[in-house]
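**Student:** Here is my input, please return the structure:
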Amino acid sequence: MSLPDTIAAQIFEGFNKCYDRFLSITRDSGQRFVDADWMGVQVASRERLQIYDGRVSQLINKLKKQSECLEVELWRAIKDSYIKQTKDSPCRELAESFYNSTYGKMFHHQFLTPPHAFVWAGGAPPEKDPPLHHYRLVGLPLPTIANQILEASGFLPHWKDKYTDIEQLAAVLRKQLERFPSTPTLEILQPVFFRNKGAYMVGRLFSEHINHPFVIALVNREGEGIQVDAVLTERDQVSILFGFARSYFMVDIPAPSCVIAFLRHLLPHKSDAELYSAIGCLKHGKTQFYRHYLHHLEHSTDQFDIAPGIPGLVMSVFTLPSFDVVFKVIRDKFGPSKGMSRKQVKAKYRLVKQHDRVGRMADTQDFANFRIPKKRMSNALLEELRTSAKDSLVETHDLVIIKHLYIERRMVPLNLFLEQASQPQSEAALVDYGWAIREMAAANIFPGDLLLKNFGVTRHGRVIFYDYDEVVYLVDCNFRQIPEPLYPEQEMQAEPWYSVAENDIFPEEFATFVTPHLHHRKVLQKYHPELFDAGWWSKMQTRSLLGHFEEFYPYPPEVCFVNHKGGHHCGE
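**Tutor:** Prediction:
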């Protein structure tokens with residue numbers, strides 16, 4: 001075997017070991033769900049996120065011992081051999097991204113050109129139909145079909161009240177039939193989608209040119225038995241389920257491309273990058289994003305510019321108006337109130353990446369040596385980056401290369417949204433802002449900086465947190481009530497009359513700190529008085545310390561079979 005063939009084989013072997021372990025952790029999701037092993041869910045999620053980088057690092061250490069691997073031109077032949085070796089792989093597209101990661105790390109993300117790396121796809125995976133359960137909604141009573149659907153989940157021996165759920169599921173099917181002029185077909189993906197304390201049977205109802213999602217949400221409360229919690233039949237509901245502010249699904253997909261093709265029918269407005277990321281294939285999600293970015297550059301003419309809103313003290317943020325993301329670069333120097341290092345900022349973003357984001361914290365992707373055509377950057381942005389983030393830039397005659405860059409979905413900053421919103425819209429956003437803070441607290445996260453400018457509003461009207469440089473675990477905070485002054489003059493002093501330690505937080509101050517607008521404060525104090533009570537925050541800490549895992553439903557309570565108490569529903 002030639003040297004390029006040998007190296008290509010080593011990379012492919014590294015990928016297969018990586019993905020086999022990825023699927024091994026994933027395949028245990030069903031048992032964790034049956035056992036209500038929520039601690040195990042959290043541990044497995046973190047472990048699965050760490051597999052990829054660990055496997056790439058091991059492979060790099062091995063390859064660097066072969067001096068020939070350091071010759072860039074050798075990788076033309078390695079790539080050609082890799083294409084041949086992976087052509088029959090059911091997850092060929094993921095294997096190409098693994099090659100890119102290996103090559104990129106080997107050469108510090110330089111020389112990323114089509115002859116050496118998979119800037120564009122080297123080839124499609126073998127065509128394969130998605131694994132589906134098919135139900136023709138004619139000829140059999142709907143309760144019989146509903147029973148077949150529940151049997152297909154594989155959980156029927158662990159069901160809490162099968163007959164009630166069959167009856168209610170049949171009622172949903174009956175109602176959905178009214179949306180179709182002819183009898184539709186129901187298709188449900190065979191692998192169940194797991195995330196946190198939920199499981200989802202993902203499918204669609206279709207007939208001729210009509211296509212509606214049909215997603216069955218399952219729960220196992222307190223380990224008492226599995227039951228149907230809700231059925232989602234609207235595209236916006238399913239879009240939120242697959243949203244960018246939620247943790248990644250665990251779903252057993254040896255051939256992911258066919259499952260992604262099915263999901264496109266349900267969510268045509270979501271990119272392949274978003275869908276691959278949603279099912280946990282994050283690195284290929286990055287690959288797809290970068291390809292989409294390059295394609296967009298070729299078919300647009302607008303300029304990158306400084307993002308609207310109040311500039312951050314830690315990040316310099318910019319946008320391309322025709323593209324739906326924001327680009328964030330760590331500044332060389334932070335404001336005097338930010339006592340942290342670049343390394344600590346990166347650690348905060350990793351913390352959020354590996355934590356349950358509960359639908360309230362935006363996902364981020366980080367890129368090394370990200371290239372932007374200089375002619376597409378406004379003079380104001382170039383000046384801003386040269387001034388505030390010079391250490392992160394490399395400039396050539398036609399490119400600006402950013403050594404380390406974060407990318408997030410673009411949202412309307414909450415402070416700007418409130419300036420433009422009607423009073424009902426403003427109040428709804430503020431109420432949801434309060435829920436965002438409460439739900440993060442229930443997940444053992446304190447945002448640190450609660451200013452409205454650090455939260456954004458999505459197209460669904462959901463409030464999402466996106467500025468992570470001060471994020472900490474809730475249990476590491478010390479929530480205190482402000483002590484009563486010993487005499488009136490103490491309140492007039494410039495400095496507080498009480499001692500303040502590094503981790504001390506005084507919730508009573510939140511109202512005046514968050515917003516100068518009196519009406520905004522009144523709304524928050526009316527709907528979320530708990531946020532200003534140190535005792536409430538201490539109770540939330542106790543719940544986290546006791547290992548309590550809150551339930552976060554990614555759908556509104558009105559779609560639930562039973563209006564359950566004790567959990568958090570999106571939109572409530």
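**Student:** The stretch 301-450 of the chain: helices as residue ranges?
**Tutor:** 342-354, 379-388, 414-420, 423-442 (DSSP state H, counting those that start in this stretch).
**Student:** In the third one, which residues are buried?
**Tutor:** Just to be clear, that refers to helix 414-420. By neighbour count, with 16 or more other CB atoms under 10 Å as the criterion, the buried positions of helix 414-420 are Leu414, Asn415, Leu416, Phe417, Leu418. C-beta: built from backbone N, CA, C; applies to glycine.
**Student:** Relative to Leu177, which of the helices of the stretch 301-450 of the chain is closest?
**Tutor:** Nearest to Leu177, of all the helices of the stretch 301-450 of the chain, is helix 423-442, at 33.6 Å by CB to CB.
**Student:** Now tell me what touches that closest one from outside.
**Tutor:** When contacts are taken as CB atoms under 8 Å, 6 or more residues apart in numbering, the neighbours of helix 423-442 outside the stretch itself are 358-361, 414, 417-418, 421, 446-447, 450, 452, 455, 457, 461-465, 474, 520, 523-524, 527-528, 530-531, 537, 540, 543, 550, 552, 568, 572.
**Student:** and with 6 Å instead?
**Tutor:** Outside helix 423-442, the residues within contact range by CB atoms under 6 Å, 6 or more residues apart in numbering are 358, 360, 417-418, 455, 457, 463, 474, 520, 523-524, 527-528, 540, 550, 568.
**Student:** Select from those residues every entry located in helices.
**Tutor:** Secondary-structure check on the contacts of helix 423-442 using DSSP state H: residues within helices are Phe417, Leu418, His520, Val523, Leu524, Tyr527, Met540.
**Student:** can you pick the most crowded of those?
**Tutor:** Ranked by neighbour count under the definition other CB atoms under 10 Å, these are headed by Met540 with 24 neighbours.
**Student:** Next one: the closest residue to that one other than its chain neighbours, what pLDDT does it get?
**Tutor:** Nearest residue to Met540 in three dimensions, chain neighbours excluded: Ala441, at 4.7 Å (CB to CB, 6 or more residues apart in numbering). The confidence metric pLDDT takes the value 96 at Ala441.
**Student:** contacting residues around Lys390?
**Tutor:** Asp332.
**Student:** how near is the residue lying closest to Ile310 once chain neighbours are set aside to Leu173?
**Tutor:** On the basis of CB to CB, 6+ apart, the spatially nearest residue to Ile310 that is not a chain neighbour turns out to be Lys453, at 4.8 Å. For Lys453, the distance to Leu173 equals 46 Å [CB to CB, to the nearest Å].
**Student:** Next: Thr301.
**Tutor:** Thr301 sits at a distance of 49 Å from Leu173 (criterion: CB to CB).
**Student:** Quickly list the domain ranges of this protein.
**Tutor:** Each domain of the chain is listed here as a residue range: 3-106, 132-296, 301-410, 414-569, per automatic domain parsing.
**Student:** Put together CSV for those domains, with distance to Trp120 on each row.
**Tutor:** As requested, those are exported to CSV (distance: least, CB to CB, whole Å):
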stretch, distance to Trp120
domain 3-106, 10
domain 132-296, 6
domain 301-410, 15
domain 414-569, 30
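**Student:** backbone phi and psi for Phe561, please?
**Tutor:** Backbone geometry at Phe561, expressed as degrees, to the nearest 10, gives phi -70, psi -40.
**Student:** correction: Arg136
**Tutor:** Taking degrees, to the nearest 10 as the convention, Arg136 sits at phi -90, psi 120.
**Student:** In terms of neighbours, single out the busier of Thr301 and Leu173.
**Tutor:** Remark: of Thr301 and Leu173, Leu173 carries more neighbours, 22 against 7, as counted by other CB under 10 Å.
**Student:** Count the neighbours of Pro141 for me.
**Tutor:** Close neighbours of Pro141, defined as other CB under 10 Å, add up to 9.
**Student:** excluding its backbone neighbours, what's nearest it?
**Tutor:** Ranked by CB to CB, 6+ apart and with sequence neighbours excluded, the top spatial neighbour of Pro141 is Ala170, at 7.8 Å.
**Student:** Would you confirm that the one you found contacts Pro143?
**Tutor:** Yes: using CB atoms under 6 Å, Ala170 and Pro143 qualify as a contacting pair, with a distance of 4.5 Å.
**Student:** Identify the contacts common to the two.
**Tutor:** Common contacts of Ala170 and Pro143, defined by CB under 6 Å, 6+ apart, are absent altogether.
**Student:** Name the spans of this structure whose pLDDT lies under the cut-off.
**Tutor:** By pLDDT under 70, the weakly predicted segments of the chain are 485-495, 497-499, 563-572.
**Student:** and with 80 instead?
**Tutor:** Applying pLDDT under 80 to the predicted model, the residue ranges of the chain that meet it are 67, 223, 335-337, 483-501, 562-572.
**Student:** that older thread, could the buried residues of helix 414-420 be laid out in TSV, adding distance to Gly123?
**Tutor:** Supplementary listing: the buried residues of helix 414-420 in TSV, determined by distance: CB to CB, whole Å:
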residue	distance to Gly123
Leu414	44
Asn415	47
Leu416	45
Phe417	44
Leu418	49
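**Student:** Let me know how buried the residue nearest to Pro141 is, in neighbour terms.
**Tutor:** When neighbours are defined as other CB under 10 Å, Ala170 has 18 of them.
**Student:** dump the residue contacts of it.
**Tutor:** For Ala170, the residues meeting the contact criterion (CB under 6 Å, 6+ apart) are Leu142, Pro143, Ala146.
**Student:** Top of the residues you listed by number of neighbours, please.
**Tutor:** Of the contacts of Ala170, Ala146 is surrounded by the most neighbours, 25 neighbours in total, counting by other CB under 10 Å.
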